[in-house]
Each structure stands twice: as structure tokens, then as C-alpha cells.
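**Student:** Sequence first, predicted coordinates after that:
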Amino acid sequence: MPRTVALLGFGTIGQEIARAIDDGTISSSLGAIYDNQPDRVEERIRQFSVEPRIVTEMHQLTASADLIVEAAGQSAVKEYAVSVLESGCDLMLLSVGALADADLWKHLSTTAERTGASIYAPSGAIAGIDAIKAASRVGALDSVSLTTIKNPSSFEGAPYLDTLDYQVQSLSEPRVVFEGTATDAAAAFPSNINVAVILSLAGLGTDRTRVRIVADPNEKSNVHQLDATGRTGTIETTVRNVPSPNNPKTSYLAPGSVIEKLQDLESTFHIGT
Ligand SMILES: NC(=O)C1=CN([C@@H]2O[C@H](COP(=O)(O)OP(=O)(O)OC[C@H]3O[C@@H](n4cnc5c(N)ncnc54)[C@H](OP(=O)(O)O)[C@@H]3O)[C@@H](O)[C@H]2O)C=CC1
Ligand SMILES: O=C([O-])CC(=O)C(=O)O
């Protein structure tokens, strides 16, 4: 039976999901939307024919749906994810970087086990999660690393920039701005590197997944290069993603991944790992 979906966050990704429900790409219905700015939601929802409730309380959101799709930010995951799972609703997360906090991840997992709710973390803006999952199921991964290259404008607002002794916006050539674990990357660049945590959850965990972030003033795409080695061989993928027109931080591939995951939940034929 088609599900009712509700959206936590109605920005770039939230609107693409609403569009996919509106045009029938996803057979679910849209029950409600919760966002920091309800007035802006009212304006944005007018472009579609769906008429979800625009709510201002989390319990209204969970009462309206079977599945909450979070497309808001790490802070929203920290604030609301447990109560969503407590309500029995399933939860699909985009701001997966929040799960680099091991205590939060454990809390969410145990809550979901107790209430019977499911947590989904779609592949988002990266390619190769299918192969990483398959390799890890036979215990075959030795190393996993990610190199992300973006235009400096995509890093605007990242807390880590304040610790640098130069301005990324003034760079005239590519520069490695961060090297470390996925755990540290998720805190340093909360709106840019959720993909590193998806990769970690699929593979070796956030402390054993290495991340390199490059700011390149000549780069127009959001590039994610994955390199893994192990007993099944090597896994190398590169995506050169088109940034979303309204939010250069977010690759256009990311909403596609959520829409595919939502449609897969309604399907009888499941492709890929
Ligand atoms: N997993 C992946 O591969 C990817 C993950 N992402 C992540 O997905 C999330 C959504 O991305 P995107 O749609 O581009 O972001 P946008 O900034 O375009 O939209 C987010 C919306 O959520 C609202 N919001 C933020 N915090 C809260 C909150 N605590 N409660 C309610 N509403 C809130 C924002 O309001 P306001 O403007 O007032 O803050 C905004 O309307 C981000 O965290 C992003 O980092 C993005 C791309 C890929
Ligand atoms: O959209 C992207 O390229 C990746 C991204 O922002 C993230 O992982 O948070």
C-alpha cells in the first residue's frame, strides 16, 4: 500500500521530493511539511497541486505520515530524530553526518529496534555504496577513503573555515583544506560531507574512513572520489555532480537518490544491493 510521507525541511531537496510526488514519480502521498519558515513553505508549495498540511509541531508531522524524510540539517536530526522514531514512524535521513556522533547513532538504533521503526540513509550524492556494502558483507575491506572537491562557494558557512589562516574564497588554485577521519569531517563541514558518513556506515565506520576535502576555484561540479581496497579487489568511483541551482552545496543527484529510495519502497522488483 502506498505510504504517506512527511517532510522535515522544505528547501532544495524537500521541494524535489514534493515535485516527484506531485508528478507521480513516487506513488506515496505527501501528508505534511515542517520547516523553520512556515510562511516560505506556503509560498513554495503553491507551485505544486499537492496540498499537505503545513505544521509547526513535530507531533503533528508524525501524526500525518508513516515515513518522515529529513532534509533539513544535522541540528534537526539531533533535535527530532529520536521523537520521530518514538512515534513509530520510519525515518529517512539526508543529514547523515549527524550519525558521526556515536552516542546519537546508538540512541537512534536502539529506539528503532524498540519501536519497530526503520531508518533509511540513501546513497545521496555519492556512487559506489552498493559495492562497499557488498564487500563489507564478506569482511573484505582494508581501506576506504573519500576525496571531495568543490568550488569554495560551496563551503560557505562551514565551521572549519574559521580555523584556517586563509580565506578559501580568495584561493586562485586548488588547495587541500581538510584531511582527517569522517568523524571529524562531519563536524567540520556539516553541510558538505554527509556522503563521508554514508560511506562510513556502509564500510569501515567513521573513525576508519579517511576524508580529504579540496577547495578548487576552477571547479564547477561537486566531485566525490571514492577509493577502497580489500579482498574483493579495488573499488574506485568518481561522480562529478551538477550542483542544485538554488543550493550549490547540494548536488542535484542527492534528491534523485531519495526519490529512487522512496519509489523502491513501493516496488515489488528491487535492483542493486
Ligand atoms: N546525504 C547526502 O548525500 C546529502 C545530504 N545533504 C543534506 O541534506 C540536507 C538538506 O539539504 P538541502 O535541501 O539542500 O538544504 P536547504 O538549505 O536547501 O533546505 C533545508 C531546509 O530545512 C530548513 N531547516 C533547517 N534546519 C531546520 C530545523 N531544525 N527544523 C526545521 N527546518 C529546518 C531550512 O530552513 P532555513 O533556511 O531557515 O535554515 C531549509 O528550508 C542538508 O543537511 C544537506 O547537508 C545534501 C546533499 C547531499
Ligand atoms: O551534495 C553533495 O555533493 C554532497 C553533500 O552536500 C553532502 O554530502 O553533504
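**Tutor:** Yes, it's here. Ligands and ions are numbered 1, 2, ... in the order given.
**Student:** use CA for all of it now, contacts and neighbours both
**Tutor:** OK.
**Student:** Against ligand 1, how distant is residue 56?
**Tutor:** 9 Å (Cα to the nearest ligand atom, to the nearest Å).
**Student:** Give me the phi and psi for the residue in the stretch 1-150 of the chain positioned nearest to ligand 2.
**Tutor:** Ligand 2 sits closest to residue 125 of the stretch 1-150 of the chain, with a gap of 4.9 Å, by Cα to the nearest ligand atom. For residue 125, the backbone dihedrals (degrees, to the nearest 10) come out as phi -90, psi 10.
**Student:** and it, what is it in contact with?
**Tutor:** The contact partners of residue 125, taken as Cα atoms under 8 Å, 6 or more residues apart in numbering, are 195, 241, 251-254, 257.
**Student:** Filter these down to just the ones in helices.
**Tutor:** 195, 253-254, 257 (DSSP state H).
**Student:** circling back: of the contacts of residue 125, which ones also sit close to ligand 1?
**Tutor:** Applying Cα under 6 Å from any ligand atom, the subset of the contacts of residue 125 adjacent to ligand 1 comprises 195, 251, 254.
**Student:** Just name the closest of those residues to residue 264, please.
**Tutor:** Minimum distance to residue 264 across the ones next to ligand 1 among the contacts of residue 125 is 15.4 Å, recorded for residue 254 (Cα to Cα).
**Student:** give me the number of residues near that closest one?
**Tutor:** Per other Cα atoms under 10 Å, the neighbour tally for residue 254 reads 22.
**Student:** just checking, it touches residue 124?
**Tutor:** Yes: under the criterion of Cα atoms under 8 Å, residue 254 is in contact with residue 124, at a separation of 4.2 Å.
**Student:** picking that back up, as a markdown table, the contacts of residue 125 with pLDDT would be great.
**Tutor:** Output for the contacts of residue 125, formatted as a markdown table (pLDDT from 0 to 100):
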| residue | pLDDT |
| --- | --- |
| 195 | 98 |
| 241 | 98 |
| 251 | 96 |
| 252 | 96 |
| 253 | 97 |
| 254 | 97 |
| 257 | 97 |
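**Student:** the domain parsing of the chain - what is it?
**Tutor:** Domains of the chain are assigned by the TED database as 4-124+253-266, 129-245.
**Student:** Ends of the longest one, what's the gap?
**Tutor:** As for domain 4-124+253-266, its first-to-last residue distance stands at 11 Å under the measure Cα to Cα, to the nearest Å.
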